[in-house]
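Colleague: Give the three-dimensional model of this entry:
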Amino acid sequence: MTLLPLTVIALALVFDYINGFHDSANSIATIVATRVLKPFQAVIWAAFFNLTAAFLLGTNVASSISKDYVDARIVTPQLVLAGLVGAIIWNLITWWLGLPTSSSHALIGGYAGAAIAKAGFHGLVRGKWPTTLIFIVLSPLIGMVLAYLLMAVVHWTFRRVPPARSERYFRHMQLVSSALFSCAHGTNDAQKTMGIITALLISAGYQTDNHVRPWVIACASAAISLGTLSGGWRIVKTMGSRLTRLKPRSGFCAETGAAISILFPTFLGLPVSTTHVIAGSIAGVGSVTRRKAVRWGVAGEIVWAWVLTIPCSAFVASICYLVVRMFAPNA
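Modeller: Here you go, the predicted structure:
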């Protein structure tokens, strides 16, 4: 393998690592906010299930990323490089600002932006773009509704149980829900990078099909797990405390609702945003008690960050591609 593909693969794994600490809040914010686990314990817990998820739950999302978003005929290592750099720059900007934006949408936005810079909108494949864009709106709403319903059922079921007793029960149950959510996070988020690396390998002539190689699965899963271990404490604060106040029972409902909302589109091969879903779920459980329990101003900031992610990362990646083409005119 030549130097350029190796460099782009290394950069893809760097993105996955950044994805891990940027999106670690998704996996641990609720369980840290409810004090079921200490932060370091929580990131180890989440990292373990992130690592095992891809081997247990398939690679549908990775296969979709490699073929259903950008026309394979125009993909080159330089185009993939520009897309990754654009996504990384946007991720780092939003991480520094403490905004829980979607690394998933930053990556597909960056990939699309580089493709548009090269070939215009003809460089995109209709593929799953319409469904993905629909799920940008739909996924947090599904998470919100499921979490709201779960929280309502829990309130009714445990209405005669002393709060102290039920909280002890849900402290144990939240370990299960957090593990489930971390699995959903790992099997969706890490696979975006697997798909990008697979597209790179095809464009460079190292493979001819969209099958995700085991070494790609292992490297991407390890990178996102190491990133999760590094933690994203700025975003944890936003997700776990600024949005609404959480208790073990509400944390359990938020994580369970979010996990279900992620696993369904994952089965369809859609790269949904785990950040969107868990934020919607947290807002859902908070609104059960009373509407004012959710800080809707913070939620509004998060929504604006979601809306801007794909166009902003696409813009940054398009600039990156133009810069790359200055040094490699045939890219």
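Colleague: remind me which residues of this protein are low pLDDT?
Modeller: 22-27, 29, 54, 98-101, 231-245, 288-306, 329-331 (pLDDT under 70).
Colleague: next SSE after the helix ranked longest in the chain?
Modeller: With secondary structure taken from DSSP state H, the chain has its longest helix at helix 163-203. For helix 163-203, the following helix or strand on the C-terminal side (DSSP states H and E) is helix 214-230.
Colleague: Give me the angle between that following helix and helix 163-203.
Modeller: 140 degrees (axes from the mean of the first three to the mean of the last three C-alpha atoms, to 10 degrees).
Colleague: Helix 214-230 - contacts with which helices or strands?
Modeller: On a contact count with 3 or more C-beta pairs under 8 Å, 6 or more residues apart in numbering; DSSP states H and E, helix 214-230 meets helix 3-22, helix 24-33, helix 39-57, helix 163-203. Backbone N, C-alpha and C define where each C-beta goes, glycine included.
Colleague: C-alpha coordinates for it, PDB please?
Modeller: Coordinates of the C-alpha atoms in helix 214-230 are reproduced here as PDB (Å, rounded to 0.1, in the frame of the first residue of the first chain):
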ATOM      1  CA  PRO A 214     -12.000  -7.500   9.600                       C
ATOM      2  CA  TRP A 215      -8.900  -5.400  10.100                       C
ATOM      3  CA  VAL A 216     -10.900  -2.200   9.200                       C
ATOM      4  CA  ILE A 217     -13.600  -3.200  11.700                       C
ATOM      5  CA  ALA A 218     -10.900  -3.800  14.400                       C
ATOM      6  CA  CYS A 219      -9.000  -0.600  13.800                       C
ATOM      7  CA  ALA A 220     -12.100   1.700  13.600                       C
ATOM      8  CA  SER A 221     -13.700   0.100  16.700                       C
ATOM      9  CA  ALA A 222     -10.400   0.400  18.700                       C
ATOM     10  CA  ALA A 223     -10.000   4.100  17.600                       C
ATOM     11  CA  ILE A 224     -13.400   5.200  18.700                       C
ATOM     12  CA  SER A 225     -13.100   3.200  22.000                       C
ATOM     13  CA  LEU A 226      -9.800   4.900  22.800                       C
ATOM     14  CA  GLY A 227     -11.400   8.300  22.000                       C
ATOM     15  CA  THR A 228     -14.200   7.500  24.400                       C
ATOM     16  CA  LEU A 229     -11.700   6.700  27.100                       C
ATOM     17  CA  SER A 230     -10.200  10.200  26.600                       C
END
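Colleague: ok, and for the helix or strand residue 95 falls within, which residues are buried?
Modeller: Using DSSP H and E, the element containing residue 95 is helix 77-97. Buried residues in helix 77-97, defined by neighbour count with 16 or more other C-beta atoms under 10 Å: 77-91, 94-95.
Colleague: Stretch 56-64: how far from the chain's middle?
Modeller: Distance, stretch centre to chain centre, for stretch 56-64: 14 Å (C-alpha atoms, centre = their mean, to the nearest Å).
Colleague: Give me the contact list for that stretch.
Modeller: For stretch 56-64, contacts defined as C-beta atoms under 8 Å, 6 or more residues apart in numbering pick out 127-128, 183, 187-188, 191-192, 194-195, 198, 210-212, 216-217, 263, 266-271.
Colleague: From those residues, list just the buried residues.
Modeller: Buried residues within these, defined by neighbour count using 16+ other C-beta under 10 Å: 128, 183, 187-188, 191-192, 194-195, 198, 210, 212, 216-217, 263, 266, 269-271.
Colleague: can you count the residues close to the spatially closest residue to residue 310 that is not a sequence neighbour?
Modeller: Among residues not flanking residue 310 along the chain, residue 109 sits closest, at 3.7 Å (C-beta to C-beta, 6 or more residues apart in numbering). A count of nearby residues for residue 109, using other C-beta atoms under 10 Å, gives 25.
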